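Student: Using only what follows, build the 3D model:
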Amino acid sequence: MTYAPSHDADHGAGWPRGSFLGRLSDAALEDLLALGRPRDFGAKDLLIRQGNTDRHTLLLLSCLAKVTATAENGRESLLAIRLGGDIIGEMAAVAGMPRTATVTACGPVTARSVSHEALRAFLLRRPDAAVELAGIVSERLRWANNRRLELRGYSVTNPFRSSCTPPACAVRSCTTPIWRR
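Tutor: Numbering: from 1, shown residues only. Alright, predicted model coming up:
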């Protein structure tokens, strides 16, 4: 059974090249998609909630979802946008720590839910996939670090400059900004 989108590509069975699924070999992709169970979500459904201690991962097959976090003072911040081909929940699955963000569907979402045990076994069987996941996490951390440095470089009266728009690495192809939905 295939879960990949129908557009042509020479990588990851048609997933966007920058996505986790798009980075996997066809064999690794097939193995990973065979894990877990299918899940469907509607617009505004919570896929993952900040602070929860569940540890499953979601492989996003088709979607537009926003990743947000709420500070102690109750202010919510948009951290990223996730699309089909992305993985979410990997930090809790691998590290066993509470969720660091909330992921909310911005429309219909089709995903596969993979338990942390199944993901770990897969990554041990497929070190090539483990390296790709480490690359995804590293890119996300690098982007977050760059935003912190960018904000630190501006005055309190104008702290946002280019930080008001999601980066290309966080939004691979989004025509309607999430903050206008």
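
Student: Go through stretch 26-36 and flag the buried ones.
Tutor: By neighbour count with 16 or more other Cβ atoms under 10 Å, stretch 26-36 contains the buried residues A28, L29, L32, L33, L35, G36. C-beta coordinates here come from the backbone N, C-alpha and C atoms, glycine included.

Student: Also stretch 52-71?
Tutor: Buried-residue list, stretch 52-71, by 16+ other Cβ under 10 Å: 55-61, 63-67, 69.

Student: possible to save these as a markdown table with pLDDT?
Tutor: Shown next, in a markdown table, are these (pLDDT from 0 to 100):
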| residue | pLDDT |
| --- | --- |
| R55 | 96 |
| H56 | 97 |
| T57 | 97 |
| L58 | 98 |
| L59 | 97 |
| L60 | 97 |
| L61 | 96 |
| C63 | 90 |
| L64 | 95 |
| A65 | 97 |
| K66 | 97 |
| V67 | 97 |
| A69 | 96 |
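
Student: Inside strands: which ones of these?
Tutor: In strands, judged by DSSP state E, the following of these are found: T57, L58, L59, L60, L61, L64, A65, K66, V67, A69.

Student: Tell me where this structure has helices.
Tutor: For the chain, helices defined by DSSP state H occupy the ranges 20-23, 26-33, 90-95, 116-125, 127-152.

Student: shaky segments in the protein?
Tutor: 1-13, 154-181 (pLDDT under 70).

Student: coming back round to it: now, which of the ones in strands among the buried residues of stretch 52-71 sits nearest D40?
Tutor: L61 (9.8 Å; Cβ to Cβ).

Student: Now do the contacts for that closest one.
Tutor: By Cβ atoms under 8 Å, 6 or more residues apart in numbering, the residues touching L61 are Y3, G84, G85, T110, A111, R112.
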